[in-house]
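Colleague: my questions concern the predicted model and sequence given below.
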Amino acid sequence: MTAEEYYQQGNNYRREGNYVEAINSYLEAIALDPNSPAVDAKRMLDDILNYYCKDMYNP
């Protein structure tokens with residue numbers, strides 16, 4: 001597969017809510033093309049997964 005195909009596959013996984021597979025696909029795309037749009041997509045997904053409100057979990 002090409003970097004673009006991995007990127008598109010990652011987008012499809014992300015839309016389905018399968019974030020682990022999305023990240024794996026983005027990483028494959030980045031390995032093939034370090035300038036792929038997957039770099040920004042992975043960064044965005046990392047930010048989403050790392051965000052949480054501490055007050056909501058520790059009332």
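Modeller: Yep, it's here.
Colleague: only the buried residues of stretch 13-22, if you could.
Modeller: Of all the residues in stretch 13-22, those buried under the rule 16 or more other C-beta atoms under 10 Å are 13-14, 22. Heads up, the C-betas are built off the backbone N, CA and C, glycines and all.
Colleague: hang on, I meant stretch 28-40
Modeller: Within stretch 28-40, the residues that count as buried by 16+ other C-beta under 10 Å are 28-30, 32-33, 36-38.
Colleague: need those in JSON lines (columns: distance to residue 46, secondary structure and pLDDT).
Modeller: Below are the buried residues of stretch 28-40 laid out as JSON lines (distance: C-beta to C-beta, whole Å; DSSP: H, G, I helix; E, B strand; the rest coil; pLDDT from 0 to 100):
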{"residue": "28", "distance to residue 46": "16", "secondary structure": "helix", "pLDDT": "96"}
{"residue": "29", "distance to residue 46": "15", "secondary structure": "helix", "pLDDT": "96"}
{"residue": "30", "distance to residue 46": "12", "secondary structure": "helix", "pLDDT": "96"}
{"residue": "32", "distance to residue 46": "19", "secondary structure": "helix", "pLDDT": "96"}
{"residue": "33", "distance to residue 46": "19", "secondary structure": "coil", "pLDDT": "95"}
{"residue": "36", "distance to residue 46": "15", "secondary structure": "coil", "pLDDT": "93"}
{"residue": "37", "distance to residue 46": "15", "secondary structure": "coil", "pLDDT": "96"}
{"residue": "38", "distance to residue 46": "12", "secondary structure": "helix", "pLDDT": "96"}
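Colleague: okay if I get these as a markdown table plus distance to residue 47?
Modeller: Shown next, in a markdown table, are the buried residues of stretch 28-40 (distance: C-beta to C-beta, whole Å):
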| residue | distance to residue 47 |
| --- | --- |
| 28 | 20 |
| 29 | 18 |
| 30 | 16 |
| 32 | 23 |
| 33 | 21 |
| 36 | 18 |
| 37 | 16 |
| 38 | 15 |
